[in-house]
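> Please work out how this folds:
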Amino acid sequence: MRNFLACFLYLTKGIKPAVGGGCDNDLMIRAAAGSNEWKWPSDMHTKTYTGIATSQKNLTILLLVLFQKLFRDKQNEFPIVALWSFAHVTSIFLIYLIASNYWGANIALLVSLLYFSSFWMWQMSLFVGHLNVATMFFLLSVYVLTFIPGSSPALGYFLLFVSGAFFCCTLFASSSSLRYALLFFATVFFAKHQAVGYGIGLGSFRQTITDNGSLLPSVILILIFIFLIFLLKISYKKVIAAIYNRRAWLLNGLISAKKYPLEHYLKKAKEQLPNFIKWSVKPVLTLFIVVNLIGFNYFLLIAWGFGLVVLALTLPDIKKSLTFYFNYLYISYIKPGINSGLVRYVRYGYFAKNKIPIPPNLRGGGFWWVPKIYARMAPFHTLIYSVSLIAVISANYFSVPPLLDSGALILLIIASLLPILWAELTKAYQVARSYSSGLLGFMILIGFAAFIFQSYYYFWPIAIGLLVLTFTWNGYKFFGVIYPARMSFNKIVAALDKYDIKEIYTYDTFYNESFFDNVKTTPSLNNLKINFIKSLTEVKNGWILIPPTTHKAGYIAQEESIRQGDFTEDPALNKLLETKEIERIAISNFPTVYGSDNIWFQEADVMSYFDLMLHYITKKDRFRGYAWLLHSDSLKTQI
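The predicted structure follows:
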């Protein structure tokens with residue numbers, strides 16, 4: 001595994017940005033590069049302008065600081081790619097260790113190799129892979145829990161404390177890490193019942209609620225919460241007035257400046273109150289369930305570890321630091337439409353203009369998008385999970401006695417789907433990276449199925465055959481599609497150097513602004529002269545770089561591309577693209593991230609919806625997603 005990581009780092013050395021400046025990668029790099037100005041870890045949010053790019057990503061930024069120092073590079077993408085790939089490799093190793101404790105070394109090796117074989121996490125290692133860091137910390141929190149069964153009470157309490165600390169690191173490593181929250185508490189529940197020595201099933205719920213003494217206190221807390229909500233509903237006007245007049249003590253900061261009359265804030269409060277109540281009920285109800293499942297003693301020990309990390313990350317101004325976290329939480333889970341590309345497309349009338357029927361309150365592809373994204377991003381893993389699910393249910397039904405009681409079987413299946421269920425329940429952005437955590441959940445059921453069937457003589461030949469097939473398919477996708485598109489800017493720079501190009505002609509379009517900016521930032525091209533043209537016919541003698549010309553590309557799913565549509569203003573270029581004659585005359589072509597394949601598309605909600613649900617992205621669109629390098633001499637017989 002270490003050798004593979006070394007090869008991956010070798011292949012990505014000198015990697016250039018995937019898109020123009022201002023993306024999350026760029027902003028996180030900037031934040032980490034300014035670490036010498038920090039006095040506290042929380043200064044990462046304020047010392048360098050990064051917008052919301054550091055929100056919920058504290059641990060990722062802190063680790064990036066170390067990787068930037070390790071590679072002595074505070075400006076480029078390589079340290080952040082190295083961090084994400086390192087986190088992924090560490091996660092694979094942790095999966096092996098965790099699975100070994102439950103199913104033995106052989107099954108652990110099978111499951112970890114299966115996870116390793118997926119191109120999905122490797123793709124995230126190339127771009128916007130902060131969830132890889134969260135996955136690593138989540139698995140560390142789970143690995144610690146595996147030592148609780150059989151440990152002394154004192155050691156068990158310490159392990160719960162450490163696990164809580166790692167769980168907090170998980171939630172402060174990625175904006176998508178909440179997908180692991182319920183799965184974490186499911187593993188705590190499992191660790192507890194393994195430790196006390198009775199089976200995991202519906203009976204364990206009853207015994208937990210009976211034995212841990214949490215039911216009555218938590219019911220009292222629920223009643224207090226209900227009373228406070230009732231009190232807020234009948235007195236919110238007085239509360240807002242007190243805040244407005246600076247008589248509400250800690251709450252005064254909620255209205256930072258009196259920009260509007262009091263009536264404006266009262267009206268806004270009335271509009272937002274139902275949303276506040278709706279979203280406050282969810283964490284309180286979740287907390288009630290968690291406390292009653294794992295007990296106050298387990299919960300408090302985890303909370304101590306969790307709280308210690310929160311303090312370390314938010315001091316000295318805890319309120320301000322947590323504001324960065326919860327503001328992003330608000331954008332992501334309560335008002336996800338704020339940054340949604342789909343909302344922008346609806347607002348600008350794109351669907352109406354193109355006569356595309358859409359459902360009201362469009363969020364994405366809805367329920368049916370989920371199986372489609374897994375079929376696209378992890379087809380063999382999804383197939384193996386489905387077969388494992390059917391096999392486990394069938395084996396449990398026909399075995400005498402059953403392998404698991406019905407409650408345990410239901411819990412096992414739910415646990416394997418918790419990241420997906422949580423994403424759907426919280427209405428997550430329907431983009432590939434937001435749902436990649438579901439692949440880790442799949443490993444739970446696949447590992448258990450392998451464990452119970454490993455004694456059958458046909459199991460290992462089938463398992464090894466499927467593993468080889470999975471490796472082959474995913475290797476082809478990664479090295480044939482994903483990696484070349486991500487390295488396209490490196491290839492463009494290499495081509496400019498190879499042909500000693502000192503002057504280039506290209507189009508002055510919005511698309512090129514997002515595309516060619518990356519090439520211009522390369523130091524070796526500082527003296528490159530760039531001439532903007534409106535038509536190929538203007539170039540009498542020189543090199544021409546043609547950028548992608550499609551508006552159906554993830555990195556340009558913005559208002560400008562909605563208005564502009566495909567770039568078709570040059571008839572000469574249109575002819576070359578329509579006839580595909582450009583393939584013959586170009587010196588090189590370059591696949592681009594989010595533009596020329598059906599994998600990177602899934603990282604943008606609009607393009608994923610277009611592709612998987614509407615089948616609106618054609619081969620022609622993907623062909624327009626390529627960039628091209630050619631010389632004007634080759635155009636003389638064409639235009």
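
> Phe448 versus the closest residue to Asn106 other than its chain neighbours, what's the distance?
Leaving aside its sequence neighbours, Asn106 sits nearest to Gln454 (C-beta to C-beta, 6 or more residues apart in numbering; 6.9 Å). Just so you know, the C-beta spots here come from the backbone N, C-alpha and C atoms, and that holds for glycine as well. From Gln454 across to Phe448, the span is 11 Å (C-beta to C-beta, to the nearest Å).

> ok so, going back, per-residue pLDDT, the residue nearest to Asn106?
pLDDT recorded at Gln454 is 93.

> Also Lys498?
90.

> And the one 10 residues further on, by the same measure?
Each residue has a pLDDT score; the one for Asp508 is 80.

> ditto for Thr550
Looking at Thr550, the pLDDT reads 86.

> immediately after the longest helix seen in the chain, which helix or strand?
If you go by DSSP state H, the chain has its longest helix at helix 262-314. Downstream of helix 262-314, the next assigned helix or strand under DSSP states H and E is helix 318-329.

> So which bits of that following helix are buried?
For helix 318-329, burial by neighbour count (16 or more other C-beta atoms under 10 Å) applies to 321, 324-325, 328-329.

> Touching that helix from outside, list them.
With C-beta atoms under 8 Å, 6 or more residues apart in numbering as the test, helix 318-329 has contacts from 42, 45, 52, 54-56, 172, 175, 253, 311, 313-315.

> repeat that with 6 Å
Helix 318-329 has contacts (C-beta atoms under 6 Å, 6 or more residues apart in numbering) with 42, 45, 52, 55-56, 314.

> now stretch 298-309
With C-beta under 6 Å, 6+ apart, stretch 298-309 has contacts from 157, 160-161, 164-165, 168, 291.

> And that stretch, what's buried?
Buried residues in stretch 298-309, counted by 16+ other C-beta under 10 Å: 298-299, 301-303, 305-306, 309.

> Mind picking the one among these that's closest to Arg30?
Nearest to Arg30 among these is Val309, at 24.3 Å by C-beta to C-beta.

> ok, then the element right after the least confident helix or strand in the chain by mean pLDDT?
Least confident helix or strand of the chain, by mean pLDDT, DSSP states H and E, is helix 202-211 with a mean of 60. With elements assigned by DSSP H and E, the helix or strand that comes after helix 202-211 is helix 215-244.

> what mean pLDDT would you report for that next one?
Helix 215-244 shows a mean pLDDT of 81.

> try stretch 190-197
64.

> quick revisit: between Gln454 and Phe448, tell me which one has more neighbours.
Set Gln454 next to Phe448 and count neighbours by other C-beta atoms under 10 Å: Phe448 wins out with 23 against 15.

> Quickly find the element holding that one.
Going by DSSP H and E, Phe448 is part of helix 438-453.

> What lies in contact with that helix?
Taking contacts as C-beta under 6 Å, 6+ apart, the residues outside helix 438-453 that touch it are 99, 103, 107, 110-111, 115, 378, 381, 384-385, 388, 391-392, 415-420, 459.

> all strands of the chain, in order?
In the chain, the segments counted as strands under DSSP state E are 503-507, 529-533, 543-546, 588-590, 627-631.

> in stretch 373-382, what counts as buried?
For stretch 373-382, burial by neighbour count (16+ other C-beta under 10 Å) applies to 373-374, 376-378, 380-382.

> how about a markdown table for the residues you listed, with distance to Arg247 and pLDDT added?
Listed next are the buried residues of stretch 373-382 as a markdown table, based on distance: C-beta to C-beta, whole Å; pLDDT from 0 to 100:
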| residue | distance to Arg247 | pLDDT |
| --- | --- | --- |
| Ile373 | 51 | 96 |
| Tyr374 | 54 | 97 |
| Arg376 | 56 | 96 |
| Met377 | 54 | 96 |
| Ala378 | 56 | 97 |
| Phe380 | 63 | 97 |
| His381 | 58 | 97 |
| Thr382 | 57 | 97 |
